[in-house]
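Asks: have a look at this prediction, sequence included:
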Amino acid sequence: MVKSLASPPHRILLFLQQSSVEWCSSLWLDSIREIDPTFRRTVIVVSKFDNRLKEFSDRWEVDRYLSASGYLRETTRPFFVALPKDRSTVSNDEFRRQISQVDSEVLGYLHDGIKGGYDEEKFKPYIGFCSLREYLESELQKRYKEAAPATLALLEQRCSEVNIELERLDSKIQATSDVSHLRKSAMMHAASISNHVGVLIDGAADPAPEQWGKTTEEERSESGIGSWPGVTVDIKPANAILRLYGGAAFERVMHEFRCAAYSIECPPVSREKVANILLAHAGRGGGRGVAEAAAEIARTAARSWLAPLLDTACDRLAFVLGNLFDIAIERNRSRESEYGRKTGDMEGYVGFHAALRHAYNSIIKDLAKQCKQLVRHHLDSVTSPYSQVFYENDFNGSFGSSANSYFRHNQASAGSIWFELSDCGQVSHDERMRDQENIPPENNARQKTPGKGMEARDVHRESQMTVPEAPSPDQPCDGVKVDVGPRKRIARIGNRNPEQLMKVHNGGSLLFGNGDCGSRSAYTEICSLAAQHFARIREVLVERSVTSTLNSGFLTPCRDRLVVELGLDLFAVNDEKFMDMFVSPAAIEVLQHKRQSLQNRQKVLQSCLTEFKNIARSL
């Protein structure tokens, strides 16, 4: 306690020690050195000096003791005092007379009682209580004179600040009914909050994330969203245990969404569903049934399982951005107190603050709704039958030789149809047909009707082909050749004996994979191909579409258009509706109470200033 009181540099220390304590044994002297190493502001006083005088007989002994040589600096001189021994109650004047008498007795003994006396020129100003009193009074007066200009200036400054604050409060009380002033202040406050939201999104370390941030588990519980729909594993993104907010929390949710999306695989599909899709596509043309069935299964699964994930991601991101309002309010408050300025003092206007919060929350909800529509649009696009996602990569080794040949042939066919638009080096259909007429038909000896040679040959060619009635979910694919001709696609079954063909036609065991054929069933291969389609849809959706859409859909408006959106919601109204936010009797009472407190403080400071001016004149 003593050290804390003595530490301020403007305080004078009075160190009192009895003469019976030797300098080498003084414990408190070491403590004083820690507080004031140079003894610049320390006054050392040795009491009961009359008792110690009896031990001295020679001058050198007295001078050595009075100088405290070896323990104090040469410029440091302690005071040696003695008080009257009569402790009876006396008046102040009598006590002062007794002190003067004791001082005279001590000086007389040093002059006459010590052999050779003592160094009066050096030590007499520091002996006696009267000398100590004069020194302290002069020292205090000197300190007061030194501090008077700064103190006077400080009092004048504080009086001026109080006067300015009173004028500001008077104008603010008057402005409670001034619409234009309130609009200006409210706009400045809303703009400041919007700027702080943008800073928090870009990355900020204040206010303290330890206090205002949230962990992943806290975000899930406080938002009421919980776990990701359809995800059975526990998703723990990077930095899940750290308390984050703003842009950092936004990116963590994005990473969590990616983890959740990639944890979902294409769900198993029953044989009945595969059969319904496959058999429906069978009548639409040739060997496309297997691929179309797998693609349709993948599209259906993606729409069913990925759509809830997208909605959850939007809700979680909206929750993260919604939390930024309170953090921005706190950041704005700390900045105003730090820099001593206020961008529109809206304290006490509860209605305005409620309207500002409601407008911000409405904007975030609208952004979430728009983002849900955008990502759903991307999902619909990537799962559309017309999407080219399935044909961007060749699934080598994923389906079997026949499926690969189908994809490669289909890609080549599609490419030729898309790119061959000019007639350079190409023969039109009509020209080809005219050329056919000039070529003698094969085996024209069997042709009976002129002009029907081509049709006869086609009929004859088709009569030599064996075509299964319809593909089956469990039909093996080895030995099946898909041939895409100029007229139509025909599935041929080669290298089969009549018994195997009969099994295919009659729905034998090969349809369900129970035959002696070692190949996989069509059901297994369709499921495998559907899983690869699903993975491709998921990858394109997550990496190409959703990430950039959510960033631009949420963050860009909050950075660039938030102040405009808030302004349209709050200030694009008539004066009557605008003033509804500022009808607050409590706010006016707060302002009047502050004004009364400032008036009282103004009176006290003005009185101190007047008194100190009078004291300064007498110093």
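Replies: Alright, I've got the coordinates. Residues are numbered from 1 along each chain as shown.
Asks: can you count the residues close to residue 269?
Replies: By the measure other Cβ atoms under 10 Å, the count of residues near residue 269 is 21. Quick note: C-beta positions are derived from backbone N, CA and C, even for glycine.
Asks: so that it lines up with my notes, have the first residue be 674 from now on.
Replies: All right, first residue 674 from here; so that's residue 942.
Asks: please tell me how far the spatially closest residue to it that is not a sequence neighbour sits from residue 1203.
Replies: Spatial nearest neighbour of residue 942, excluding adjacent residues (Cβ to Cβ, 6 or more residues apart in numbering): residue 970 at 5.5 Å. Using Cβ to Cβ, to the nearest Å, residue 970 is found at 4 Å from residue 1203.
Asks: quick one: common contacting residues for these two?
Replies: A shared contact of residue 970 and residue 1203, defined by Cβ atoms under 8 Å, 6 or more residues apart in numbering, is any residue touching both; here these are 939, 942.
Asks: before we move on, back to that, can you tell me the SS state at the residue nearest to residue 942?
Replies: helix (DSSP: H, G, I helix; E, B strand; the rest coil).
Asks: quick check: closest non-adjacent residue to residue 876.
Replies: Using Cβ to Cβ, 6+ apart, the closest residue to residue 876 is residue 920 (5.4 Å).
Asks: neighbours of the one you found, how many?
Replies: The burial metric for residue 920, expressed as a neighbour count using other Cβ under 10 Å, is 21.
Asks: mind checking pLDDT for it?
Replies: With respect to pLDDT, residue 920 has a value of 91.
Asks: which residues touch whatever helix or strand it lives in?
Replies: Element membership of residue 920, judged by DSSP states H and E, is helix 919-935. Contacts of helix 919-935 from elsewhere in the structure, counted by Cβ under 8 Å, 6+ apart, are 873-877, 886-887, 889, 892, 901, 904, 908, 910-913, 917, 979, 982, 985-986, 989-990, 993-994, 996-997, 1000, 1211, 1214-1215, 1219-1220, 1223-1224, 1227-1228.
Asks: what is the mean pLDDT for the helix or strand following it?
Replies: Going down the chain from helix 919-935, the next helix or strand is helix 944-955, by DSSP H and E. With pLDDT averaged residue by residue, helix 944-955 scores 78.
Asks: just stretch 1008-1016 next, same as before
Replies: 66.
Asks: and residue 1038, how many residues sit next to it?
Replies: Quick note: residue 1038 (other Cβ under 10 Å) scores 13 neighbours.
Asks: where does it fall, helix, sheet strand or coil?
Replies: Taking three-state DSSP as the rule, one finds residue 1038 in the helix state.
Asks: now the strands for the protein?
Replies: With DSSP state E, the ranges of strands along the chain come out as 686-691, 715-720, 752-753, 1153-1157, 1162-1166.
Asks: domain ranges for this structure?
Replies: Per the TED database, the domain ranges recorded for the chain read 674-800, 852-1060+1195-1256.
Asks: now distance to residue 808 too, for those domains, in CSV please.
Replies: Output for the domains of the chain, formatted as CSV (distance: least, Cβ to Cβ, whole Å):
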stretch, distance to residue 808
domain 674-800, 7
domain 852-1060+1195-1256, 43
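Asks: thinking again about what came up before, would you put the C-alpha positions of the helix holding residue 920 in PDB?
Replies: What follows is helix 919-935 as a C-alpha-only set of coordinates in PDB (Å, rounded to 0.1, in the frame of the first residue of the first chain):
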ATOM      1  CA  GLY A 919     -17.600 -12.600 -40.100                       C
ATOM      2  CA  GLY A 920     -15.700 -13.800 -43.100                       C
ATOM      3  CA  ALA A 921     -13.800 -16.500 -41.200                       C
ATOM      4  CA  ALA A 922     -17.000 -18.100 -40.000                       C
ATOM      5  CA  PHE A 923     -18.500 -17.800 -43.500                       C
ATOM      6  CA  GLU A 924     -15.600 -19.700 -45.000                       C
ATOM      7  CA  ARG A 925     -15.800 -22.300 -42.300                       C
ATOM      8  CA  VAL A 926     -19.400 -23.000 -43.100                       C
ATOM      9  CA  MET A 927     -18.500 -23.300 -46.800                       C
ATOM     10  CA  HIS A 928     -15.900 -25.800 -46.000                       C
ATOM     11  CA  GLU A 929     -18.400 -27.700 -43.800                       C
ATOM     12  CA  PHE A 930     -20.900 -27.800 -46.700                       C
ATOM     13  CA  ARG A 931     -18.200 -29.300 -49.000                       C
ATOM     14  CA  CYS A 932     -17.400 -32.000 -46.400                       C
ATOM     15  CA  ALA A 933     -21.100 -32.700 -46.000                       C
ATOM     16  CA  ALA A 934     -21.700 -32.900 -49.700                       C
ATOM     17  CA  TYR A 935     -18.800 -35.200 -50.400                       C
END
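Asks: buried only: go through the contacts of helix 919-935 for me.
Replies: Neighbour-count burial within those applies to 873-874, 877, 886-887, 889, 892, 901, 904, 908, 910, 917, 979, 982, 985-986, 989-990, 993-994, 996-997, 1000, 1211, 1214-1215, 1219, 1223, 1227-1228; the criterion is 16 or more other Cβ atoms under 10 Å.
Asks: among those, which lie within helices?
Replies: Secondary structure defined by DSSP state H assigns 873-874, 889, 892, 979, 982, 985-986, 989-990, 993-994, 997, 1000, 1211, 1223 of the buried ones among the contacts of helix 919-935 to helices.
Asks: was I right to think residue 1028 contacts residue 1254?
Replies: Yes - counting by Cβ atoms under 8 Å, residue 1254 is a contact partner of residue 1028 at 5.1 Å.
Asks: what residues do the two have in common as contacts?
Replies: By the contact definition Cβ under 8 Å, 6+ apart, residue 1028 and residue 1254 are jointly contacted by residue 1243.
Asks: tell me the mean pLDDT for stretch 1207-1227?
Replies: Here the mean pLDDT over stretch 1207-1227 is 89, rounded to a whole number.
Asks: stretch 883-894 too?
Replies: Rounded to a whole number, the mean pLDDT of stretch 883-894 is 92.
Asks: how about stretch 983-994?
Replies: Averaging pLDDT along stretch 983-994 gives 94.
Asks: again with stretch 1284-1292
Replies: When pLDDT is averaged over stretch 1284-1292, the result is 80.
Asks: and it, which residues are buried?
Replies: Taking 16+ other Cβ under 10 Å as the basis for neighbour counts, the residues of stretch 1284-1292 that come out buried are residue 1285.
Asks: contacts for it, please.
Replies: With contacts defined as Cβ under 8 Å, 6+ apart, stretch 1284-1292 is touched by 814, 817, 818, 821, 824, 825, 828.
Asks: switch the cut-off to 6 Å
Replies: With Cβ atoms under 6 Å, 6 or more residues apart in numbering as the contact definition, stretch 1284-1292 has outside contacts at 817, 818, 821.
Asks: distance of the closest residue to the last one other than its chain neighbours from residue 1203?
Replies: What sits nearest to residue 821 in space, not counting adjacent residues and going by Cβ to Cβ, 6+ apart, is residue 1289, at 4.5 Å. Residue 1289 sits at a distance of 95 Å from residue 1203 (criterion: Cβ to Cβ).
Asks: with residue 1286 instead?
Replies: When distances are taken as Cβ to Cβ, residue 1286 and residue 1203 turn out to be 94 Å apart.
Asks: so the nearest residue to residue 1278 once chain neighbours are set aside versus residue 716, what's the distance?
Replies: Closest residue in space to residue 1278, ignoring its immediate chain neighbours: residue 832 at 4.8 Å, by Cβ to Cβ, 6+ apart. Using Cβ to Cβ, residue 832 is found at 35 Å from residue 716.
Asks: before I go, just wanted to say thanks for your time.
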